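Enquirer: Any chance you can model this:
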Amino acid sequence: MQYLSLKEMKMKIIEMKKIAMVSVIFFLTIFSAYSQNTFELLVENNYDEIVLDVIELPDGNFILVGTYEDPNQSDIYHGYIIKMNNTGNIISSAYINDYSYCMLHNVHFYNDELYVIATLRENTDTNFVIGLFRFNTDLGLLDVNINSLEGNKQIGFVNSIIDSDSNLVICGISNDYSVTGVNIGSNGYVYKMSITGDSLSSKFFVREANLLKYPTGIIEKVDSTGYNLFIKYYTSTSNCSKINLNKNLQEMSVINLYSEIAEDNYALHSSTHATPIRINDSSILISGRYPLNETFFTFTMSEEDSIISTAYIENENRIQWANTYGNSINGNNIYSGYTSNVSFSDFYFSHDTSHIHIVKFDEELNIIWHKVLGGDAYYNLYRVLACSDGGCLLVANKFEYEDNPDKIRNVYIAKLSIDGDFLWKREYPVSKMISIFPNPVKNNLYLDLSKNVSINEYKIFNQLGDLVLSGQHFSGTINVDALSVGTYIIQLSTNIGIVSEKFTKVK
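Expert: You can find the predicted model right below:
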């Protein structure tokens, strides 16, 4: 196990100049009232990128995490984290470039800090590890802890919780690689670490003939004695099962879910399921794809494993299979989200069109409303988040295959009200990248600009809003020796807009 202290992490950031904090403020283009079948564009640039998770902070701001592929090096991935306010404006963002592979999977808010679970790879010839990044809510990196995995495993398809003991419990699918780097198969896993990043226990399921255990989500038991781990492909005849685990991740029993209603029972064991959420102490909701007519299938079950309610939604615009990623609850507002017409043969870059579906349920799974979006490109939904205002936030990818030979996906986000109406109809084109480093800074602040960007003027303000430094001729370096220790905002007037970023001056 390796640890990086806060001091070591800061020194690494300063010396290596590899983590750049980027904040972008751009013009807003208001969509017309007839544009509700498309998602609001959040990020559009020359990087292929995805957002894998989103949370809402107590102050109403949102934190999003994901990954993007380096445009100059194939198979090199970097992580990024974005802070966005409740009206959809980007406040700040941080890009993590320390590793040859960095995918930020899940983010949690705990004790006023952000905990981000990541898959990391230091170099292309080293093994994958599990990383736990800790940020403050201004996206300042506090530290990172790293845990090695047995063999050469790469975790993926991560779902995680913070349990009642303040531990992180992670589940999903891991890829196994040979010593030569060849993928030799995949297996399910459960991994538990403390909130400080210490590895506590783990369980990697071994493939046995037709017996497969691929976890799709985990929930702590009501009495806090263990966990409900939901899996698919447990046997060749049962696709929806639950493993009872104790707090040490020991397998206590496996339950194949069952309904006395023939249609429901067939759907249970023919569907692929994802993202279980607890509605209350006696009810858990799970949703998934039912292959008969590509129906969206949702059910609730009791803590004692009996089926309580079911709901089916047929997709009128279906052609291929549907895929579900999101269930979320906030108060009495329950949301499910899925993508219809997902291509099995080309999951991320299909030349078909797809739709995003958002469904709002009550606790008995009665449908309150059902919205269908998209249809003008190839979409994939990654998260639906029930928000404190009763509405929901949707995070997705959009791949416009026309004139896109480099296979670049854009990140899309939309905010819906409690009644399913759009609250944001804005477009945020990010057509460039400006990075400042090091941050914190002692002497010289460096700016890395895209080739299409030029800076006409820079202004630096203190926390009181006073102008303390400015210049009209920019050579790529700004000397900040004269500044006192503290936090500042640098405002850049560029040829395509105003860019602002926060930085810290140290001794």
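
Enquirer: OK, contacts around residue 248?
Expert: Residue 248 sits next to residue 201 when contact means Cβ atoms under 8 Å, 6 or more residues apart in numbering. In this view, the C-beta of every residue, glycine as well, is placed from N, C-alpha and C.

Enquirer: same question, the one 5 residues further on
Expert: By Cβ under 8 Å, 6+ apart, the residues touching residue 253 are 243-244.

Enquirer: mind listing what's buried in the helix or strand containing it?
Expert: Residue 253 belongs to strand 251-256 when elements are defined using DSSP states H and E. Using 16 or more other Cβ atoms under 10 Å as the test for burial, strand 251-256 gives residue 254.

Enquirer: mind listing what that strand pairs with, with the direction of each?
Expert: Strand pairing for strand 251-256, determined by DSSP bridges: strand 241-246 (antiparallel).

Enquirer: Tell me the buried residues in the strand it pairs with?
Expert: Within strand 241-246, the residues scored as buried using 16+ other Cβ under 10 Å are 241-245.

Enquirer: wait, which of those is closest to residue 377?
Expert: Closest to residue 377 out of those is residue 241 (36.0 Å), distances taken as Cβ to Cβ.

Enquirer: distance of that closest one from residue 189?
Expert: With distances taken as Cβ to Cβ, to the nearest Å, residue 241 is found 16 Å from residue 189.

Enquirer: next one: residue 225
Expert: Taken as Cβ to Cβ, the span from residue 225 to residue 189 is 21 Å.

Enquirer: Looking at the two, which one has more neighbours?
Expert: Legend: neighbour count by other Cβ atoms under 10 Å for residue 225 and residue 189, higher for residue 189 (23 against 12).

Enquirer: Quick check: that one vs residue 208, distance?
Expert: 15 Å.

Enquirer: right, and residue 257 touches residue 241 too?
Expert: Yes: using Cβ atoms under 8 Å, residue 257 is in contact with residue 241, at 6.5 Å.

Enquirer: For the one helix or strand residue 103 maps to, which helices and strands make contact with it?
Expert: Using DSSP H and E, residue 103 maps to strand 101-110. With contacts defined as 3 or more Cβ pairs under 8 Å, 6 or more residues apart in numbering; DSSP states H and E, the packing partners of strand 101-110 are strand 48-56, strand 62-69, strand 77-84, strand 113-121, strand 153-162.

Enquirer: Could I get the CA-only coordinates of stretch 479-493 as CSV?
Expert: Only the C-alpha atoms of stretch 479-493 are listed here, as CSV (Å, rounded to 0.1, in the frame of the first residue of the first chain):
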residue,chain,number,x,y,z
ASN,A,479,5.6,36.5,-12.2
VAL,A,480,3.6,36.7,-9.0
ASP,A,481,6.5,37.2,-6.5
ALA,A,482,5.0,40.5,-5.4
LEU,A,483,1.7,38.9,-4.3
SER,A,484,1.1,38.1,-0.6
VAL,A,485,0.3,34.6,0.5
GLY,A,486,-3.4,33.9,-0.2
THR,A,487,-6.0,33.0,-2.8
TYR,A,488,-6.5,34.9,-6.0
ILE,A,489,-8.6,35.0,-9.1
ILE,A,490,-6.9,35.4,-12.5
GLN,A,491,-9.1,36.8,-15.2
LEU,A,492,-8.0,36.3,-18.8
SER,A,493,-9.4,38.3,-21.7
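
Enquirer: which residues touch it?
Expert: Residues outside stretch 479-493 that contact it (Cβ under 8 Å, 6+ apart): 434, 436, 441, 443-445, 447, 455-463, 468-469, 478, 498-507.

Enquirer: the domain parsing of the protein - what is it?
Expert: When the chain is parsed with automatic domain parsing, its domains come out as 31-46+263-431, 441-505.

Enquirer: Tell me how many other residues crowd the residue nearest to residue 115 when sequence neighbours are not counted.
Expert: Spatial nearest neighbour of residue 115, chain neighbours left out: residue 108 (4.6 Å); criterion: Cβ to Cβ, 6 or more residues apart in numbering. Residues near residue 108, counting by other Cβ under 10 Å, number 17.

Enquirer: Residue 344 too?
Expert: Neighbours around residue 344, by other Cβ under 10 Å: 9.

Enquirer: Please report how far it lies from residue 449.
Expert: Applying Cβ to Cβ, the value for residue 344 to residue 449 is 41 Å.

Enquirer: Hmm, residue 144 and residue 131 touching each other?
Expert: Yes: proximity of residue 131 to residue 144 meets the contact threshold set by Cβ under 8 Å, at 5.7 Å.

Enquirer: Can you show me the helices along the chain?
Expert: Applying DSSP state H to the chain gives helices spanning 6-16, 262-268.

Enquirer: just checking, which of the ones you listed comes out with the lowest mean pLDDT?
Expert: Sorting the helices of the chain by mean pLDDT places helix 6-16 lowest, at a mean of 37.

Enquirer: which residue packs closest to residue 461, ignoring adjacent ones?
Expert: Spatially, and ignoring its direct neighbours in sequence, residue 461 is nearest to residue 489 (4.8 Å; Cβ to Cβ, 6+ apart).

Enquirer: okay, now the one you found: neighbour count?
Expert: Using other Cβ under 10 Å, residue 489 has 15 neighbouring residues.

Enquirer: For residue 357, see how far away it is.
Expert: Distance of residue 489 to residue 357, given as Cβ to Cβ: 41 Å.
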